[in-house]
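A.B. asks: quick one: sequence and predicted model below, then my questions.
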Amino acid sequence: MTKFPTNPILLVDDEDTWLRSFSLALKSNGIDNIICCQDSSGVPGILASTEVEAVAVDLAMPGISGQELISLIAGKYPDIPVLVITGMGQVETAVDCIKNGAFDFFVKTNDKNSLVSGIRHAIQIRELKRENSSLRTRFLQDTLEHPEAFAPIVTCSKAMRSIFQYIEAIARSTQPVLITGESGVGKELVAKVIHDLSGRQGEFVPVNVAGLDDNIFADTLFGHKKGAFTGADKARQGLVENAKAGTLFLDEIGDLTAASQVKLLRLVQEREYLPIGSDVTRKTDARIIAATNVAPGSLSEPDRFRSDLYYRLRAHHVHIPPLRERREDLPLLVDHFLRQGCQGRKRPSVPAELLPMLSAYSFPGNVRELRFLILDALSCSGDERLNIDRIKEHLPPKPVILARKAISDEAVKLGFGPELPTLKQVCRELVQEAMRRTGGNQAMAASLLGVSRQALNKRLNKVHRIRDEWA
């Protein structure tokens, strides 16, 4: 099983009892990569040979004191957060240590929760600093360290390249990732790439949670003990167990019930779960990646999805743009799907009108829909020419658009009733009429209205938002 965090936590205390106590408290909370040091004079050697994630030091120690260690680490290893463990009468000294570069301080008590929380916070801060540094380097140099990992995603889009750079920066993080995007954009493909780049030794375990009621959700993820319910004639390990040291991919989490969200929150927050029929909680080191086709703004609404779960899942966020916003990928994707479908047969020629026709289509089903169109046309084609008529059957009829002519103000005659509509109402109706006349083609609708496509897109978003509010 992969240890957490990747780099160890260094505990320094001359009292063996406290070292064991701190170690047990951390391990019981999922932090099991720990180095214990009872002799403070050995710390410089450990830091020189081992990259550590954080250091927790006791102030009152023989040999090198805690204050001296803080100064040494802050000067030579400024990226390593140092947490000070102090007695009740040393609070003022601990405050001075904070001023001299310590990350935080904690009073030695029997309650170890504050120390555990502090170390978790230090780990998160360290990860964020690494990711920010990595992102800065990648964006400034416009580079990808592992371009081969993204080979399954066919694209030449600059927007997608920026997403790839972000993915490389967060891939090795232990924090959850939320992937958003419309159906068919390839969210599972992106999740698999994140897993491949993470360096995790375990498996990539995908599960679609849409439509699962609370009991099936719990059984699928957490498993059950033998005899837990009628028909449970043998124990079953859930998918969380299958994903140990790997990645658990939860697709369509926007459809989870409220009860299932509570159970998922515990898994994400505490890294623990309870199999059905068991009284013993189990720990997991699986990295969680969630995906949804629900817009992030809608998902964060409290009446739809728990806000505490939403923000924990969104520790990192990847949004995949729809195909209509990266039409430059169409030639590459068409070629890719043709090669995919022509294995073992001659590749037919592609009519010149295919790409202009596809470019004028909005692709509500995104890349998945394009793949279907190409493979379906290929199945009905001979060896000479791709059956483009087959594709036309699936597309809406192209509306007859007359060239836009200048219209004088006198020529525009609108009929109104006794009460005038508001400007918002008029704009909304005009936008909807343009979309109806163009069969949903935004580029042609924008041309009809005499506005840019971006301006029309803003109007459409307002219309959809109003419709959702009234739904």
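C.D. replies: Cool, the structure landed.
A.B. asks: outline the domain layout of the protein.
C.D. replies: What automatic domain parsing lists as the domains of the chain is 9-130, 144-321, 324-394, 409-470.
A.B. asks: can you tell me the closest non-neighbouring residue to residue 236?
C.D. replies: Distances taken as Cβ to Cβ, 6 or more residues apart in numbering place residue 223 nearest to residue 236, at 4.7 Å, with adjacent residues excluded. Glycine gets a C-beta too; all of them are placed from N, C-alpha and C.
A.B. asks: pull the contacting residues for the one you found.
C.D. replies: Counting by Cβ atoms under 8 Å, 6 or more residues apart in numbering, residue 223 makes contact with 235, 236, 237, 238, 240, 241, 275, 276.
A.B. asks: which among these count as buried?
C.D. replies: 236, 238, 240, 241, 275, 276 (16 or more other Cβ atoms under 10 Å).
A.B. asks: between those, which is closest to residue 331?
C.D. replies: When these are compared for distance to residue 331 (Cβ to Cβ), residue 240 wins out at 41.8 Å.
A.B. asks: secondary structure element holding that closest one?
C.D. replies: helix 239-242 (DSSP states H and E).
A.B. asks: after that helix, next one along is what?
C.D. replies: strand 247-251.
A.B. asks: okay, buried residues for the helix or strand following that following strand please.
C.D. replies: Later in the chain than strand 247-251, the nearest helix or strand by DSSP H and E is helix 258-270. Neighbour-count burial for helix 258-270, counted by 16+ other Cβ under 10 Å, picks out 260, 261, 263, 264, 265, 267, 268.
A.B. asks: now do stretch 239-253
C.D. replies: Neighbour counts using 16+ other Cβ under 10 Å place 239-244, 246-253 of stretch 239-253 among the buried residues.
A.B. asks: likewise stretch 72-91?
C.D. replies: 73, 74, 80, 81, 82, 83, 84, 85, 86, 90.
A.B. asks: mind listing residues that contact it?
C.D. replies: 13, 18, 22, 43-44, 47, 52-60, 64, 66, 69-70, 93-94, 97-98, 100-108, 115, 118-119, 122, 125-126, 129.
A.B. asks: which among these count as buried?
C.D. replies: Buried among the contacts of stretch 72-91 (16+ other Cβ under 10 Å): 13, 18, 22, 43, 47, 52-60, 64, 66, 69-70, 93-94, 97, 102-108, 115, 118-119, 122, 126.
A.B. asks: narrow the residues you listed to those in strands?
C.D. replies: Those of the buried ones among the contacts of stretch 72-91 mapping onto strands are 54, 55, 56, 57, 58, 104, 105, 106, 107, per DSSP state E.
A.B. asks: figure out the helix or strand that residue 318 lives in.
C.D. replies: Using DSSP H and E, residue 318 falls within strand 316-319.
A.B. asks: can you pull out the helices in the stretch 351-471 of the chain?
C.D. replies: Secondary structure of the stretch 351-471 of the chain by DSSP state H, counting those that start in this stretch: the helices cover 354-359, 366-379, 388-394, 423-437, 442-449, 453-470.
A.B. asks: buried residues in the second one?
C.D. replies: Going by neighbour count (16+ other Cβ under 10 Å), the buried part of helix 366-379 is 366, 367, 369, 370, 371, 373, 374, 376, 377, 378.
A.B. asks: contacts for that helix next, please.
C.D. replies: Contacts for helix 366-379 (Cβ under 8 Å, 6+ apart): 182-186, 322-323, 330, 333-334, 337-338, 340-342, 348, 358, 363, 365, 386-388, 390-391, 394.
A.B. asks: ok, back up a step: just give me the closest of the buried residues of helix 258-270 to residue 135.
C.D. replies: Taking Cβ to Cβ as the measure, residue 135 lies nearest residue 268 of the buried residues of helix 258-270, at 23.4 Å.
A.B. asks: pLDDT wise, what is that closest one at?
C.D. replies: Looking at residue 268, its pLDDT stands at 93.
A.B. asks: ok, residue 414 next?
C.D. replies: For residue 414, the model assigns a pLDDT of 66.
A.B. asks: least confident secondary structure element in this protein?
C.D. replies: Lowest by mean pLDDT, DSSP states H and E among the helices and strands of the chain is helix 453-470, with a mean of 68.
A.B. asks: how close does residue 364 sit to residue 432?
C.D. replies: 17 Å (Cβ to Cβ, to the nearest Å).
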